[in-house]
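Novice: Quick check, what structure comes out for this input:
(one chain, ligands or ions: 2)
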Amino acid sequence: MFGATMNAPDPAIHATAEPVVRRLLVDLDTPLPRHWCGGDAFRTAWFNALSMSFPVGEQFFIDAVRAGVATLPEDQRTAFEPAIKAFIGQEATHRRIHARFNEHLARQGLVNRWDARALRRLDKLQGVDLRIWVGATAATEHFTAILAEHLLSNQSSLEGAEPRLATLWLWHSSEETEHRSTAFDLYRAMGGNEEWRLRLFRVVTWNFITDALRQTVNNLWHDGSFWRARTWVEGWRLLFGRHGLVRTLRGPWRRYLSADFHPSQQDERQAATWLREHASAWEPVGGGARASSPAATATA
Ligand SMILES: [Fe+2]
Ligand SMILES: [Fe+2]
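Specialist: Ligands and ions are numbered 1, 2, ... in the order given. Purely as a prediction, here's the structure:
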């Protein structure tokens, strides 16, 4: 699978050196309003769809980097340890929080079809070269990183969202920005080559876009919003509007195709600013007490 075109292993690690895992302090006990994203059925269905993919997807990322790093020589394994620890801690928290979010969606009558499709696909990866696992993780992490960049810089996607839920999405976005390089660096260190990096990115792109849209439509169907004309005006705006996903993500998506791409080229200042300005919304795990809003409920 990886033949003569294999790159020389590159042990450089660009990921965040400081393993910060954060406990999010938001109320996830109160039920979600049906159209929690500004009363907009399409935007809500889209974010709900993404959330539905996280418990299975992020567990796969954790399994991939954990198994991948174990294949490295000891000196490289040691060098990767802080970044891998942060990556696993952050993704484990994300999947736990989104599983709670998804419980509300199930109670609203929404049906998660994405996770079953993803599990079937992951079943086929059993026994496959671990560089494929880590390469697929790196490709998906580019998607999460550019979506994070979009959310942190383009407030219109979360405009009108319930504040506690906007906090959840922007906290997740900030941490995705922080650990965006980990799987990519690991792929390179494992000797993953360019040909497969790009091939996996194309496969991940197709799967991600079709899964996200199918689940969004499914959510609208179960939500009863499918036949409303307004839903599709909202959908057009989110996808093709001036600040829509197609216009804002096409360029960042293409960056991955460049031979000299590295995730660290993405600006991380907005994520750092958000985390600093919303420090009352989270506390570091194992980092001692920090004052939080009396209304906040520790959920992680
Ligand atoms: Fe995540
Ligand atoms: Fe991630």
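
Novice: Which positions within stretch 202-211 qualify as buried?
Specialist: Buried residues in stretch 202-211, counting neighbours by 16 or more other C-beta atoms under 10 Å, are found at Val204, Thr205, Asn207, Phe208, Asp211. (Each C-beta comes from the backbone N, C-alpha and C, glycine too.)

Novice: Export these to TSV and append columns for distance to Arg34, secondary structure and pLDDT.
Specialist: What follows is these, written out as TSV (distance: C-beta to C-beta, whole Å; DSSP: H, G, I helix; E, B strand; the rest coil; pLDDT from 0 to 100):
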residue	distance to Arg34	secondary structure	pLDDT
Val204	31	helix	97
Thr205	31	helix	97
Asn207	28	helix	96
Phe208	26	helix	96
Asp211	23	helix	97
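
Novice: check contacts around Gly235.
Specialist: Contacts of Gly235 were listed using C-beta atoms under 8 Å, 6 or more residues apart in numbering, and they are Phe42.

Novice: Going forward, the N-terminal residue is numbered 546.
Specialist: Okay, using 546 as the starting number, the last item reads as Gly780.

Novice: do you know how far it is from Ala690?
Specialist: 24 Å (C-beta to C-beta, to the nearest Å).

Novice: quick revisit: possible to save the buried residues of stretch 747-756 as CSV with distance to ligand 2?
Specialist: Listed next are the buried residues of stretch 747-756 as CSV, based on distance: C-beta to the ion, whole Å:
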residue, distance to ligand 2
Val749, 13
Thr750, 16
Asn752, 16
Phe753, 13
Asp756, 17
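
Novice: Looking at those, spot the one nearest ligand 1.
Specialist: Using C-beta to the ion, Phe753 is the member of the buried residues of stretch 747-756 that lies nearest ligand 1, at 13.9 Å.

Novice: I'd say the closest one and Phe688 touch.
Specialist: Yes. Assessed by C-beta atoms under 8 Å, Phe753 is found in contact with Phe688 at 5.5 Å.

Novice: Spell out which parts of the stretch 546-695 of the chain neighbour ligand 2.
Specialist: Thr689 (C-beta under 5 Å from the ion).

Novice: For the stretch 746-845 of the chain, which residue gets nearest to ligand 2?
Specialist: Taking C-beta to the ion, ligand 2 has its nearest neighbour within the stretch 746-845 of the chain at Pro808, 10.6 Å off.

Novice: so what's that residue up against?
Specialist: Counting by C-beta under 8 Å, 6+ apart, Pro808 makes contact with His559, Glu686, His687, Ala690, Arg725, Ser726, Phe729.

Novice: Regarding the fourth one, which helix or strand does it belong to?
Specialist: Secondary structure assigned from DSSP states H and E places Ala690 in helix 675-698.

Novice: Just list what the next helix or strand after that helix packs against, helices and strands only.
Specialist: Using DSSP H and E, the next helix or strand after helix 675-698 towards the C-terminus is helix 708-723. Under the contact definition 3 or more C-beta pairs under 8 Å, 6 or more residues apart in numbering; DSSP states H and E, helix 708-723 sits against strand 567-569, helix 619-652, helix 675-698, helix 814-822.

Novice: Show me the strands in the stretch 696-845 of the chain, by range?
Specialist: Ranges of strands within the stretch 696-845 of the chain are 827-829, based on DSSP state E, counting those that start in this stretch.

Novice: and it, which residues reach ligand 2?
Specialist: Neighbours of ligand 2 within the stretch 696-845 of the chain, by C-beta under 5 Å from the ion: Glu721.

Novice: Low-confidence ranges, the stretch 746-845 of the chain, go.
Specialist: 832-845 (pLDDT under 70).

Novice: 50 instead?
Specialist: The model of the stretch 746-845 of the chain has pLDDT under 50 over residues 833-845.

Novice: Would you check the contacts of Pro808 and say which has the weakest pLDDT?
Specialist: In terms of pLDDT, the weakest of the contacts of Pro808 is His559, which scores 50.
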